[in-house]
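Colleague: just a sequence and a predicted model for now, questions to come.
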Amino acid sequence: MKKSVIQNSGFFLIFLSMLTTLFFLGTIIYFVVARGAEAISWSFLTQVPRNAMTEGGVAPVIVGTFYLTLGSMIFAVPLGLACAIYICEYSPKSFVVNLIRVSINNLAGVPSVVFGLFGLAVFVNFMGFGVSILSGSLTLGILALPLIISASQEALMAVPHSIREASLSLGASKWETIKRIVLPTALPGILTGVILSVGRVAGETAPILFTAAAFYKRGYPKSIFGEVMALPYHIYALMTEGTHPDQQRVIAYGCSLVLLILVLFISGFAILLRQRQRSWHG
Amino acid sequence: MDNKVKMQAKKVDFFYGKNQALKNINLDVYLNRVTAMIGPSGCGKSTFIRLFNRMNELVPHTSLRGRISLDGQDINDPSVDAVDIRRRIGMVFQKPNPFPKSIFENISYGLKVNGIKDKAFIEQKVEDSLKKAVIWDEVKDRLGDSALRLSGGQQQRLCIARCLAVETEVILFDEPCASLDPISTAKIEELILELKKDYSIVIVTHNMQQAARVSDYTGFFLLGELIEFGKTQDIFTAPKDKKTEAYITGRFG
């Protein structure tokens, strides 16, 4: 066969793969938007569920997801960042540190339901937080930790050695160099990681299944020790249980659309940040 | 011309792991003079210059024997703070390495980490430093712009200004023109000649003409040894060692 024929068929296959991916992506968005749009209204976003979740809005559910996500980040961001700084900047390059690094990366591959069971065992039962926002946030936080650590690590390692040396050569201590030069330079990369993990955490169902989520709860969450409704689990509940599947399905698609927009919005913010970083370096 | 010794290296050996990179180096750096170090790649001249502000101790598995002093004081003495040494002995690197911050912040950074908070003082110091480094006129209208938008030559002069701001006494230039065009190189050389009035200068260079143009003293390094050290004029016109002669006449290197 001629080289050009091989090349062209190669290109064609790659192009076809791209189209297939695009097709599925487009279909998902189309379905969620088309079916969810009819449910979305101002009252849907601002009111509480009524009549056994067949009518009314999903405001407490959105608030629940917001609390869980925020809580997980309050826990995971400082811890993950500190961990990444230690690994990248302070730890000696040894076998043990490499082992830790590999373990963290592996942790990112653990199925989320395993994190859920862990949260049930440790936070809900052992620590006695019960099924609550606190337990759910901590569980989601642990799920997000490896993501945040590896994103932060990459961002820190991408900071050129030359500007660290420049800082040290001016009489800055190592800590000042990290605080004033390395972290600000790595910040957009770190934030991108944080925001992407927010997207991931907001959409997770399995980790909150046993640790935080309530099938139905009247009104808004009042304490971090209380159960809470959350978008992903709410979708699951609406589709699998209840007495009016037809009405519930519409609400479930509405929730899906809200979740999709939430995550898109968050990712969009990450992309914007990255762009800003690039423009500063140009 | 009476020369006062500013920095001194005595019987310096340096190791990367078990590899000896420098062998028994003795060299004086004089006050208000430019000392050049020349030699082929890998001869140890960059390693040597980085001992003067204790940058090599940041590289793991290295060890140093011998004594390096600043105004007679051993800079590696346990009682001496590396941070203080690095402030007093500034360094300009091979590739311009401004911080990804504004032009102003690049200069004020060194002042801030040295505990200066007085805004008016900082502003004055930034202006003075930029003027001394002959870049003020080019940047005075855009101090808030990213330093990374400057050209390579401008960035390098900014890095020099950054050193000057912290009231450094010695400036170490590690091949400062290696990545610059001839015009920028000429500007840096001119600046070095100007700066030696107030500072003691050490410059590592690949470029023999550059050493001849800017330096008062020259040391020739080969395979980790200082082959010859003396007045630049003598080194370039009447080298004592055959290897020096071979190098400066371009027979190897």
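Modeller: Looks like it came in fine.

Colleague: give the contact list for residue B:204.
Modeller: B:36-38, B:45-46, B:48-49, B:173-175 (CB atoms under 8 Å, 6 or more residues apart in numbering or on different chains). Any C-beta I mention is one placed from the backbone N, CA and C, and that applies to glycine too.

Colleague: once you drop chain neighbours, what's closest to residue 56?
Modeller: All of this is about chain A. Nearest residue to residue A:56, sequence neighbours excluded (CB to CB, 6 or more residues apart in numbering or on different chains): residue A:50, at 3.5 Å.

Colleague: that's the wrong chain, I meant chain B
Modeller: residue B:50 (4.8 Å).

Colleague: point out where the stretch 101-250 of chain A drops to low pLDDT.
Modeller: Of all residues in the stretch 101-250 of chain A, none has pLDDT under 70.

Colleague: what is the mean pLDDT for stretch B:126-134?
Modeller: Across stretch B:126-134, pLDDT averages out at 92.

Colleague: and for stretch B:89-97?
Modeller: For stretch B:89-97, the per-residue pLDDT averages 93.

Colleague: touching it from outside, list them.
Modeller: So stretch B:89-97 is contacted by A:160, A:162-163, A:165-166, A:169-170, B:7, B:46, B:50, B:52-53, B:55, B:70, B:152, B:155-156, B:158-160, B:162-164, B:166, B:168-176, B:178-179 (CB under 8 Å, 6+ apart).

Colleague: returning to that earlier point: got the contact list for the residue nearest to residue B:56?
Modeller: B:56, B:91, B:172, B:174.

Colleague: mind listing which of these are in strands?
Modeller: Judged by DSSP state E, those include B:91, B:172, B:174 as members of strands.

Colleague: show me which of these is closest to chain A.
Modeller: residue B:91 (4.2 Å; CB to the nearest CB).

Colleague: tell me which residues form a beta bridge with the closest one?
Modeller: Counting by DSSP bridges, residue B:91 forms beta bridges with residue B:172.

Colleague: what about the residue of the stretch 51-200 of chain B found nearest chain A, how many neighbours?
Modeller: Going by CB to the nearest CB, chain A is nearest to residue B:87 of the stretch 51-200 of chain B, at 2.9 Å. Number of residues near residue B:87 (other CB atoms under 10 Å in any protein chain shown) recorded here: 22.

Colleague: list the backbone torsions phi and psi for it.
Modeller: phi -70, psi -40 (degrees, to the nearest 10).

Colleague: residue B:111 is in contact with that one, correct?
Modeller: No. Look at residue B:87 against residue B:111 with CB atoms under 8 Å: they stay out of range, at 10.3 Å.

Colleague: for the residue nearest to residue B:56, give its distance to residue B:10.
Modeller: For residue B:50, the distance to residue B:10 (CB to CB, to the nearest Å) stands at 17 Å.

Colleague: the residue nearest to residue A:56 bridge partners, please.
Modeller: Applying DSSP bridges, one finds that residue A:50 bridges with residue A:55.

Colleague: for it, give its distance to chain B.
Modeller: 54 Å (CB to the nearest CB, to the nearest Å).

Colleague: list the buried residues in stretch B:31-50.
Modeller: By 16 or more other CB atoms under 10 Å in any protein chain shown, the buried positions in stretch B:31-50 come out as B:31, B:33-39, B:43-50.

Colleague: those in helices, which ones?
Modeller: Under the assignment DSSP state H, the buried residues of stretch B:31-50 contribute B:45-49 to helices.

Colleague: which parts of the stretch 51-200 of chain B sit against chain A?
Modeller: B:53, B:55, B:58, B:60, B:83-84, B:86-88, B:90-91, B:93, B:95, B:97-101, B:109-110, B:112-114, B:146, B:148-149, B:159, B:162-163, B:166 (CB under 8 Å from any CB of the partner chain).
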